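Q: have a look; sequence and predicted model below, questions after that.
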Amino acid sequence: MTDTATTTASLNKFEKFKAEKDGLAVKSEIEKFAALGWEAMDETDRDHRLKWLGVFFRPVTPGKFMMRLRMPNGILTSTQMRVLAQVVQRYGDEGSADITTRQNIQLRGIRISDLPDIFERFHAVGLTSVQSGMDNVRNITGDPVAGLDADELYDTRELVQQIQDMLTNKGEGNPEFSNLPRKFNIAIAGGRDNSVHAEINDLAFVPAFKEETGD
């Protein structure tokens, strides 16, 4: 029989700080962090828990953070793109951003004092960076021509968005899915060409054919 102390003592450093305080708990402390400044923050909050909000401390660029969004299927509306461009131009490093291998966007050069305004701007247009790092499901990838491919079997865009909303509580953060195996990847596609490379994901949904009928 084991007690809590014994169990906690056997955990690695990442599991220990997660047991002490859920990563999503720092969401309510962003205003405080912005006022404190990055140097005065608790190191575990700064170096690790902020990743649950998609904000990554970079020792090689002290005071400048990387921010990773969640863009299911890599889709942005024109309104979201305008706001993203404004944020990148105002707060990003040299007005540039990265496009990732999982149809996502990362901003660099973000300062802790910028976060309240950035989060407010993103929230107003339905953008989120919540649960895009650490022990969460990564951005859900999909067919890049979903809804456009004439040979598509099923348009999965709405399904991808529904799963994103479930995992993140519509971008507000969902503790039920905030302690999963690190870098858990999901892909969903309804095309015929396996554009999402299903085999390299932890969980993938793609069309299948019945050998008996060929359907």
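A: Thanks, I have it. Numbers count the residues shown, from 1 in each chain.

Q: ranges for the strands of this structure?
A: Along the chain, the segments classed as strands by DSSP state E run 55-57, 65-68, 97-99, 105-110, 141-142, 186-188, 203-205.

Q: ranking the ones you listed by mean neighbour count, which comes first?
A: Among these, strand 141-142 has the highest mean neighbour count (mean count of other C-beta atoms under 10 Å), at a mean of 28. Placement of C-beta: from N, CA and C, glycine included.

Q: and that strand, which strands flank it?
A: In the sheet, strand 141-142 lines up against strand 186-188 (parallel) (DSSP bridges).

Q: show me the contact partners of the partner strand.
A: Here strand 186-188 makes contact (C-beta atoms under 8 Å, 6 or more residues apart in numbering) with 73, 137-138, 140-142, 156, 159-160, 163, 196-198, 201-206.

Q: ok, the residue nearest the centre of the chain - contacts?
A: Against the mean C-alpha coordinate of the chain, by C-alpha atoms, centre = their mean, the closest residue is residue 132 at 1.8 Å. The contact partners of residue 132, by C-beta under 8 Å, 6+ apart, come to 54, 68, 69, 70, 104, 138, 139.

Q: which helices and strands does the top helix by length along the chain pack with?
A: What stands out as the longest helix in the chain, according to DSSP state H, is helix 78-91. Applying 3 or more C-beta pairs under 8 Å, 6 or more residues apart in numbering; DSSP states H and E, one finds that helix 78-91 contacts strand 105-110, helix 115-124.

Q: list the buried residues for it?
A: 80, 83, 84, 87, 88, 91 (16 or more other C-beta atoms under 10 Å).

Q: tell me the one among those residues nearest to residue 63.
A: residue 91 (12.9 Å; C-beta to C-beta).

Q: which residues touch residue 92?
A: Residue 92 touches 107, 108, 109, 110, counting by C-beta under 8 Å, 6+ apart.

Q: which non-adjacent residue is nearest residue 67?
A: residue 107 (4.4 Å; C-beta to C-beta, 6 or more residues apart in numbering).

Q: using a markdown table, lay out the buried residues of helix 78-91 together with distance to residue 179.
A: Shown next, in a markdown table, are these (distance: C-beta to C-beta, whole Å):
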| residue | distance to residue 179 |
| --- | --- |
| 80 | 29 |
| 83 | 30 |
| 84 | 29 |
| 87 | 29 |
| 88 | 31 |
| 91 | 30 |
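
Q: just these now: which is nearest residue 150?
A: After measuring these against residue 150 - C-beta to C-beta - the closest member comes out as residue 80, at 26.6 Å.

Q: number of nearby residues for the closest residue in space to the closest one that isn't next to it in sequence?
A: Among residues not flanking residue 80 along the chain, residue 125 sits closest, at 4.9 Å (C-beta to C-beta, 6+ apart). Residues lying near residue 125 (other C-beta atoms under 10 Å) number 14.
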